[in-house]
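Novice: Next come a sequence and a model predicted from it.
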Amino acid sequence: MTENTGSNKIDSFHKKKNKEEMQKQLISFALMIVFTILAFVVVATGMMDKMLVIPILLILAIVQVAFQFYYFMHMKHEGHEMASAMIYGGIWAAILAVAGLSTIVWW
Amino acid sequence: MSVAATQKRGFGSVLWDYVTTVDHKKIAHLYLFGGGLFFLIGGIEAMLIRIQLAKPDNDFLSAGLYNEMITMHGTTMIFLAAMPLIFALMNAVLPLQIGARDVAFPYLNSLGFWLFMFGGILLNCSWFLGGAPDAGWTAYAPLSTTSPGHGVDFYVMGLQIAGAGTLIGGINFLVTVVNMRAPGMTYMRMPLFTWASFIASILILFAFPALTVGLFLLMFDRMFGTAFFDVSLGGNTIIWEHIFWIFGHPEVYILILPLFGVFSDVFSTFAKKRLFGYTAMVFATMLIAFLGFMVWAHHMFTVGLGPVANSIFSIATMAIAVPTGIKIFNWLATLWGGNITINSAMLWSLAFIPTFTIGGMTGVMVATVAADYQYHDTYFVIAHFHYVIVGGTIFGIFAALHYWWPKIFGRVLREGLGKLTFWTFFIGFHLTFFIQHFLGLMGMPRRYWVFHSGDGLDLGNLISTIGAFFMAFGVIVFIINVILTARDEKAPADPWDGRTLEWATASPPAHYNFKQTPLVRGLDPLWIEKSEGKGKMTPAEPLGEIHMPNNSFLPFLFSLGLFVAGFGFIYQTDNKAWLAVLIGGMAFSLGTMVVRSMKDDLGYHISKEELEREAD
């Protein structure tokens, strides 16, 4: 019986943690839906110039990817340092390649 | 008892064991055999090239055949010999060095090998089916998109399949290093070979997708009527060069970094010293990898990128000489004051330092944009990259094979023959390639099938060809060495008084590697235990059941399906009936994936009693 001592306390701690986690997930989920609707609205209504729409869409996309990685795929949790290093390394390699091609070949 | 039992097994059962194996040590044997076979094929191609260039106006090979020969020599040596030989070393040693029982994904490990093997066979089938690829190993468009026949199609499909295998292998080693290290084996306690292989695997992960994309574009241009590289339809041929070198430059670091790790391990073992500047070595390796992604355009200085782009890539390239220099000096400092044993493995490593330094020096020379206009597409470049790839990668593979042969096959290679291999190959190498610097400076262009007697290139080319025969002799002696030692006595577990974890296992190790996972107490863990008088590793866990993966025939079948589909892709341009072969092959591969997904394969357990029965 002794090993169960304090398990209620841990349980309540975990419950609180899980609740906070759930809240964050719901908030980011809601934000992602808002961002998606925003993106559609901006394009569908044609309210803005093309020069303005493309950067806005890109920023919205980047924020959504960040939400996806950090909240839904738990990259903000501990023990994901190697995964983030790899992801950022890959993004860096991809940016270099695209930047190289676009500045040298297409510009 | 168990050894006698394995020796009595029939050939068929051994073959079946290897075809279905998921054990990293047996996959290392397979990679060694496959890579060795292609190394010999690539070597024969090299010899034919040198014979053709032995005298002026030679007609030993026709011009077209010569183009096929240089293309296949480069492609075979890079993709089908050097890469798999490096994977052989990683498979054989890396899990042992971090105290793991196997790689993270044993099934994928097997799949990676069979994809490489079938890709290599597909590429080499072209010799018998109307001619090999002839657009150079770089397959620049529009030469590659307009090359008649199916040669370049074989190049595209063969490399695509083999490249998928390489990508799978790289990811597997990444996950293995991140997740499978023994208790106490922190990142900064990993042996340099493991570190270098880890970083090379990162390079594979980021660089090979570029090759995959490039090959797909080329494939669609050649087989399905797209025009990515067709200028007359709005395409751009330079894009191929960029994509190829965005892959290609990291690729040459993939080829050299693991061998840097090998040299570090060999030097510290045979100088009986801890590696000098361990931390600096690790960060220099990372820095080389990091810079390796922003230098690709130095292969394209003469394309006309403009002075700004050329200058940026020139400076980034020269910056790589700094971390490389850090490494060279750390190796020298490791040797300094060491208790040095000179044997075959050490000879290859010692010879590497000056050879690679010459290659690095000519590397800075060709990185100088203005001068590169003179060097570009001459034999100077040929000499440069053979000094780094042969002087680094091939010397390193030979050093590693002599060093780890006891761990891989349980036999120690013979010293006398090892030294004969080294000296003939070493002298032959410098005879072949040193003179090519000067041939290049005298204006001898790359890839030409003849030179004329009035050009003043006769003597240099003759010396070069004679050197090539020395190298071939060295390789033959090595093969004789391998065959002779197969009947020798079993090697001791630790023949070199080693420092790292692989020497704490038997030679060759049991199929579960470590009966109990070892506890790592610092850098060079076995050496720590030796210097404290214990001599063997402290277990990190009580003796218990070991969970092992089951063998599987599916990776072979999956790769076979893609191999067949490859022929379908290549020949459907002639006759649409070949689409049946294409779809059949793909469906077969898909079927093996479905089987793999549906069938529960939970592996098996080695019981504690069984482990207790086995001798230590």
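Specialist: Structure received.

Novice: Name the next helix or strand following the longest helix along chain B along the chain.
Specialist: Ranked by residue count under DSSP state H, the longest helix found in chain B is helix B:237-270. Where DSSP states H and E defines the elements, the next helix or strand beyond helix B:237-270 is helix B:278-292.

Novice: would you put the C-alpha positions of that following helix in CSV?
Specialist: The C-alpha trace of helix B:278-292 is given here as CSV (Å, rounded to 0.1, in the frame of the first residue of the first chain):
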residue,chain,number,x,y,z
TYR,B,278,38.2,16.1,-28.9
THR,B,279,35.7,19.0,-28.6
ALA,B,280,37.4,21.0,-31.3
MET,B,281,37.3,18.0,-33.6
VAL,B,282,33.5,17.6,-33.0
PHE,B,283,32.8,21.2,-33.7
ALA,B,284,35.2,21.3,-36.7
THR,B,285,33.2,18.4,-38.2
MET,B,286,29.9,20.3,-37.6
LEU,B,287,31.4,23.4,-39.1
ILE,B,288,32.5,21.6,-42.2
ALA,B,289,29.0,20.1,-42.6
PHE,B,290,27.4,23.5,-42.1
LEU,B,291,29.6,25.3,-44.6
GLY,B,292,29.2,22.4,-47.0
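
Novice: Quickly check: the helix or strand just after it near chain A or not.
Specialist: Counting by DSSP H and E, the element after helix B:278-292 in chain order, helix or strand, is helix B:307-319. Yes. If you take Cβ under 8 Å from any Cβ of the partner chain as the test, helix B:307-319 does meet chain A, through residue B:309. C-beta: built from backbone N, CA, C; applies to glycine.

Novice: quick revisit: pLDDT on the longest helix of chain B, on average?
Specialist: Averaging pLDDT along helix B:237-270 gives 96.

Novice: chain center to it, what's the gap?
Specialist: Per Cα atoms, centre = their mean, to the nearest Å, the displacement of helix B:237-270 from the mean C-alpha position of its chain is 9 Å.

Novice: Next, the contact list for residue 63, please.
Specialist: Assuming you mean chain A. By Cβ atoms under 8 Å, 6 or more residues apart in numbering or on different chains, the contact set of residue A:63 is residue A:35.

Novice: my bad, the chain I had in mind was chain B
Specialist: Going by Cβ under 8 Å, 6+ apart, residue B:63 touches B:449, B:450.

Novice: can you do 10 Å?
Specialist: Contacts for residue B:63 (Cβ atoms under 10 Å, 6 or more residues apart in numbering or on different chains) come out as B:52, B:134, B:448, B:449, B:450.

Novice: quick one on the thing from earlier: and the longest helix of chain B, anywhere near chain A?
Specialist: Yes. Using Cβ under 10 Å from any Cβ of the partner chain, helix B:237-270 comes into contact with chain A via B:238, B:239, B:241, B:242, B:243, B:245, B:246, B:247, B:250.

Novice: residues contacting the single nearest residue of the stretch 151-300 of chain B relative to chain A?
Specialist: Going by Cβ to the nearest Cβ, chain A is nearest to residue B:206 of the stretch 151-300 of chain B, at 4.2 Å. Taking Cβ under 10 Å, 6+ apart, we find residue B:206 in contact with A:86, A:89-94, A:96-97, B:170, B:246-247, B:250, B:289, B:292-293.

Novice: Got a quick ChimeraX command for the buried subset of the residues you listed?
Specialist: In ChimeraX syntax, the buried subset of the contacts of residue B:206 is picked out as below (16 or more other Cβ atoms under 10 Å in any protein chain shown):
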select /A:89,93,97 /B:170,246,247,250,289,292,293
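
Novice: of all the contacts of residue B:206, which comes closest to residue B:148?
Specialist: Set against residue B:148, the nearest of these by Cβ to Cβ is residue B:247 (25.8 Å).

Novice: Under the pLDDT cut-off, which ranges of chain A? List them.
Specialist: Counting by pLDDT under 70, chain A contains low-confidence residues at A:1-10.

Novice: residues from it in reach of chain B?
Specialist: A:82-83, A:85-86, A:89-101, A:103-106.

Novice: among the residues you listed, which are in strands?
Specialist: With strands taken from DSSP state E, there is no overlap with the residues of chain A next to chain B.

Novice: Among these, which ones are in helices?
Specialist: Reading helices off the residues of chain A next to chain B with DSSP H, I get A:82-83, A:85-86, A:89-101.

Novice: Next one: the residue nearest to residue B:213 when sequence neighbours are not counted from residue B:201, what distance?
Specialist: Excluding the flanking residues, the one nearest residue B:213 by Cβ to Cβ, 6 or more residues apart in numbering or on different chains is residue B:243, at 6.3 Å. For residue B:243, the distance to residue B:201 (Cβ to Cβ, to the nearest Å) stands at 21 Å.

Novice: Neighbour count: these two, which is higher?
Specialist: Using other Cβ atoms under 10 Å in any protein chain shown as the criterion, residue B:243 and residue B:201 rank with residue B:201 on top: 25 against 22.

Novice: how far is whichever helix or strand that one is part of from where the chain is centred?
Specialist: Assigned by DSSP H and E, residue B:201 belongs to helix B:192-223. Remark: helix B:192-223 is offset 13 Å from the chain centroid, using Cα atoms, centre = their mean.

Novice: for stretch A:52-69, same thing?
Specialist: Worked out by Cα atoms, centre = their mean, stretch A:52-69 lies 9 Å from the chain centre.

Novice: Also stretch B:261-275?
Specialist: Worked out by Cα atoms, centre = their mean, stretch B:261-275 lies 21 Å from the chain centre.

Novice: just stretch B:418-438 next, same as before
Specialist: 21 Å.

Novice: Buried ones in that stretch, by neighbour count?
Specialist: B:418-422, B:424-426, B:428-437.

Novice: then that stretch to CSV, C-alphas only?
Specialist: Backbone C-alpha positions of stretch B:418-438 (Å, rounded to 0.1, in the frame of the first residue of the first chain) are rendered in CSV as follows:
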residue,chain,number,x,y,z
GLY,B,418,48.8,-5.3,-45.7
LYS,B,419,52.0,-3.3,-46.0
LEU,B,420,52.6,-4.5,-49.5
THR,B,421,49.1,-3.4,-50.4
PHE,B,422,49.8,0.0,-48.8
TRP,B,423,53.1,0.7,-50.4
THR,B,424,52.1,-0.4,-54.0
PHE,B,425,48.8,1.5,-53.8
PHE,B,426,50.4,4.6,-52.2
ILE,B,427,53.2,4.8,-54.7
GLY,B,428,50.9,4.0,-57.6
PHE,B,429,48.4,6.6,-56.4
HIS,B,430,50.9,9.4,-56.4
LEU,B,431,52.4,8.3,-59.7
THR,B,432,49.0,8.3,-61.3
PHE,B,433,47.6,11.6,-59.9
PHE,B,434,50.5,13.9,-59.0
ILE,B,435,51.6,14.2,-62.6
GLN,B,436,48.0,15.0,-63.6
HIS,B,437,48.3,18.4,-61.8
PHE,B,438,50.9,19.3,-64.4
